[in-house]
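Enquirer: Only the shape, not the letters, is given here:
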């Protein structure tokens, strides 16, 4: 290999790392904005002026996720019309403004409304970040890069837990939402300067020279483009994208992925919302409960990255199914009330297993052609938001029944272990069709070209 080729390879690697960094930072604040709610649940329950019950708190948590459902369904489709770069930046600005406004809410009703509005912006971030990461990652590193990028979600959870330990005792729950404005000064300027547009989007818009130039810059020696290029803004383009996702042999696969996403997001949001309160009910102090939430998210970061690298080598389905099983076993082990050290280890395993949806997202990204990938992810995560919406309410309902004596305390854990086992079984049943199946795409060699602007 010549020195020139080596330099080109290094430049491509650096450019790809910028995309990973921007997407990861975006997901860090997405994760913070969502997981922060779990850290303030005990404070909300103790805030006398609002007199909230566990059911009320679960309802508020779910309404934020209803906003995410709407955002994911709408924005996931919008990305294939106006471009992923614009959508990513727009969503960042949206939820970065809505979060500090939430801190000013004078009553539970306004607080709930602002959580819903925040969710609209949050819903568009994840499918866009996943699609860009998958598109600019070599196939052999797709799961690993996705895991590295999506580890930002759990890093955001860790950030929320650490800041809650320091700030909640002195500033109350409102200060935790003020911090949500940080992406406006940390991430948005970087994204405007460095984030490239989707190659699939540029190709579908007929901007082939730009697409080829980006592919060359990022070291993608081949890239997939639509067999017949036409503007994706046309109505027919949306119809054809829908047929790509739901048509023919992909229909059973798509439906199974939707159900798995519902369960995966129920685990993520249900446990992140209620875990501190479950630990409080088990007799642990507030500080111990937040420390446990921190360990839970550390386990998610480390475990998912290792699992992502493993999935690239031994197969995604096997690793995903085993990860869901780890979640079920770890959650059930809480019932025996282990000593502190084993409990923290079990918590880390539970954090890894309950965040298996990270691996599912990359799995979905590899099953559809690039021009439909953002929409497929947006729809899967949009439908999956049913689980995210149900998760906080579900946990609140279980806790209410446990407090009333209608259920034993063990049901706080059975309620999340059973869905994890079901998700593992459904993962094994997913039929495998790669993104190039069914003649959706053709491979086009990368042409030399100048990169317009600086991504």
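Expert: Perfect, I can see it now. Computed from a predicted structure; not experimentally measured.

Enquirer: Make sure residue 431 is indeed in a helix.
Expert: No. Looking at residue 431 with DSSP: H, G, I helix; E, B strand; the rest coil, it is coil, so not inside a helix.

Enquirer: and it, what does it touch?
Expert: Applying C-beta atoms under 8 Å, 6 or more residues apart in numbering, one finds that residue 431 lies in contact with 249, 252, 253, 256. Backbone N, C-alpha and C define where each C-beta goes, glycine included.

Enquirer: Can you get me a residue count around residue 141?
Expert: 15 (other C-beta atoms under 10 Å).

Enquirer: ok, now residue 341?
Expert: When neighbours are counted by other C-beta under 10 Å, residue 341 registers 8.

Enquirer: same deal with residue 46?
Expert: Neighbour count of residue 46, defined by other C-beta under 10 Å: 12.

Enquirer: Equivalent analysis for the one 4 residues further on, please.
Expert: If you count neighbours by other C-beta under 10 Å, residue 50 ends up with 16.

Enquirer: how much space between it and residue 62?
Expert: From residue 50 across to residue 62, the span is 17 Å (C-beta to C-beta, to the nearest Å).

Enquirer: for the stretch 101-250 of the chain, what are the low-confidence residue spans?
Expert: 139-140, 142-143, 219-242, 244 (pLDDT under 70).

Enquirer: That one: strands as residue ranges?
Expert: With DSSP state E, counting those that start in this stretch, the ranges of strands along the stretch 101-250 of the chain come out as 222-226.

Enquirer: just the helices in it please.
Expert: 108-135, 142-178, 183-186, 188-194, 199-204, 208-217, 235-246, 250-281 (DSSP state H, counting those that start in this stretch).

Enquirer: Can I get the ones you listed in JSON lines including mean neighbour count and distance to residue 44?
Expert: Converted to JSON lines, those look like this (neighbours: other C-beta atoms under 10 Å; distance: least, C-beta to C-beta, whole Å):
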{"stretch": "helix 108-135", "mean neighbour count": "24", "distance to residue 44": "9"}
{"stretch": "helix 142-178", "mean neighbour count": "22", "distance to residue 44": "6"}
{"stretch": "helix 183-186", "mean neighbour count": "16", "distance to residue 44": "24"}
{"stretch": "helix 188-194", "mean neighbour count": "14", "distance to residue 44": "29"}
{"stretch": "helix 199-204", "mean neighbour count": "24", "distance to residue 44": "41"}
{"stretch": "helix 208-217", "mean neighbour count": "21", "distance to residue 44": "46"}
{"stretch": "helix 235-246", "mean neighbour count": "16", "distance to residue 44": "39"}
{"stretch": "helix 250-281", "mean neighbour count": "23", "distance to residue 44": "10"}
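
Enquirer: got CSV for those, with distance to residue 311 too?
Expert: Shown next, in CSV, are these (distance: least, C-beta to C-beta, whole Å):
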stretch, distance to residue 311
helix 108-135, 13
helix 142-178, 4
helix 183-186, 29
helix 188-194, 28
helix 199-204, 23
helix 208-217, 25
helix 235-246, 22
helix 250-281, 15
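
Enquirer: between those, which gets nearest to residue 96?
Expert: Residue 96 lies closest, by C-beta to C-beta, to one member of those: helix 183-186, at 4.4 Å.

Enquirer: now that closest one, how far from the centre of its chain.
Expert: The chain centre lies 19 Å from the centre of helix 183-186; the measure is C-alpha atoms, centre = their mean, to the nearest Å.

Enquirer: Enumerate residues external to that helix that contact any of its residues.
Expert: Under C-beta under 8 Å, 6+ apart, the answer for helix 183-186 is 25, 26, 29, 92, 93, 95, 96, 97.

Enquirer: Narrow these to those in strands?
Expert: Assigned to strands by DSSP state E, none of those qualify.

Enquirer: ok, and the most crowded of those?
Expert: When neighbours are counted by other C-beta under 10 Å, residue 26 leads the contacts of helix 183-186 with 30 neighbours.

Enquirer: That one is in contact with residue 188, isn't it?
Expert: No. Assessed by C-beta atoms under 8 Å, residue 26 is found out of contact with residue 188, at 9.4 Å.
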